[in-house]
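Engineer: what shape does this take:
(one chain, ligands or ions: 1)
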Amino acid sequence: MDDFAEKLIHGRTHISPKRLGSPGPSKSQKDKILLAANAAPDHGRTLPWRFIEIQESSRSELGEVFYQCLLDRDQNATPIQLQEAREKALRGPLLFLAIVSYEDSNAEISKQEKLISLGCAIQNILLSSYSLGFGSGLSSGRALQSARIRELFQLSKQEEPICFITIGTVLKTKPDRIRPEISEYHSLF
Ligand SMILES: Cc1cc2nc3c(=O)[nH]c(=O)nc-3n(C[C@H](O)[C@H](O)[C@H](O)COP(=O)(O)O)c2cc1C
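Structural biologist: Numbering: from 1, shown residues only. Predicted coordinates for the structure are as follows:
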């Protein structure tokens, strides 16, 4: 168990969505991955997050939003840049948008706690995917802060989109990343 946890925690690395291909998780594997999210710590059990799966049939709609968002912030974007923005939505067989909900945040259960809960749920999803043999990657980007994304996914006023999660078969790996030393993030008091 110890060894398994070590392998899982230290084996997972970020894989760029363009390096994630088919096959993606089957229906039962996807359910397992999603179920892992519900084991995240959640103060007050308010379920302050949700994940929207962007199905194959909706990818072009998302691509159009990425395209429009790039045009909004850069009128001089080249046709290649615009095409790339569109294609980002097509990458990877399984794509989720991770959303936090700050509804009913208060002094007892703050927005920060809710965001941490989402972070833990995301990590569970990444580790579960890895344990099933899949790679995963997170992506954010300026479009996430746009009204267009809020409108596309019909987010409520209390919700914020945090990042996309792409899951699939690793097509190409990169050298292992260098991780920080314990001394960089630990001190005694
Ligand atoms: C909320 C969040 C958003 C992220 N967005 C991006 C992104 O837009 N592009 C990217 O290359 N990596 C993104 N990452 C992944 C980090 O770059 C990656 O986790 C980091 O380099 C550490 O590598 P590791 O995950 O392999 O340990 C994001 C990570 C988090 C937590």
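Engineer: just give the number of residues close to residue 68.
Structural biologist: Residues lying near residue 68 (other C-beta atoms under 10 Å) number 15. (C-beta placed from N, C-alpha, C; glycine too.)
Engineer: sorry, wrong one. I was asking about residue 18.
Structural biologist: As a burial measure, residue 18 scores 15 neighbours (other C-beta under 10 Å).
Engineer: now check the longest strand along the chain, is it near the ligand?
Structural biologist: Ranked by residue count under DSSP state E, the longest strand found in the chain is strand 159-170. Yes: using C-beta under 6 Å from any ligand atom, strand 159-170 reaches the ligand at 162, 163.
Engineer: and for stretch 45-63?
Structural biologist: No: Stretch 45-63 does not reach the ligand (C-beta under 6 Å from any ligand atom); its nearest approach is 12.5 Å.
Engineer: centroid residue for the protein?
Structural biologist: residue 165 (2.8 Å; C-alpha atoms, centre = their mean).
Engineer: skip the chain neighbours and tell me the closest residue to it.
Structural biologist: Of all residues not flanking residue 165 in the chain, residue 96 sits nearest, at 4.5 Å (C-beta to C-beta, 6 or more residues apart in numbering).
Engineer: so what strands line up beside whatever helix or strand that neighbour lives in?
Structural biologist: Residue 96 belongs to strand 94-101 when elements are defined using DSSP states H and E. Looking at strand 94-101 with DSSP bridges, its partner strands are strand 49-53 (antiparallel), strand 159-170 (antiparallel).
Engineer: would you reformat those as a markdown table and include mean pLDDT?
Structural biologist: Shown next, in a markdown table, are these (pLDDT from 0 to 100):
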| stretch | mean pLDDT |
| --- | --- |
| strand 49-53 | 98 |
| strand 159-170 | 98 |
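Engineer: among the ones you listed, which is the most enclosed?
Structural biologist: Of these, the one with the most neighbours on average (mean count of other C-beta atoms under 10 Å) is strand 159-170, at a mean of 21.
Engineer: may I have it as CSV, with CA atoms only?
Structural biologist: What follows is strand 159-170, C-alpha atoms only, in CSV (Å, rounded to 0.1, in the frame of the first residue of the first chain):
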residue,chain,number,x,y,z
GLU,A,159,-19.4,29.8,-9.6
GLU,A,160,-15.9,30.2,-11.0
PRO,A,161,-14.3,28.1,-13.7
ILE,A,162,-10.9,27.1,-12.5
CYS,A,163,-9.2,24.8,-15.1
PHE,A,164,-9.7,22.2,-17.7
ILE,A,165,-8.7,18.6,-17.0
THR,A,166,-7.7,16.5,-20.0
ILE,A,167,-7.4,12.7,-19.6
GLY,A,168,-6.2,10.2,-22.2
THR,A,169,-3.5,7.8,-23.3
VAL,A,170,0.0,9.3,-23.2
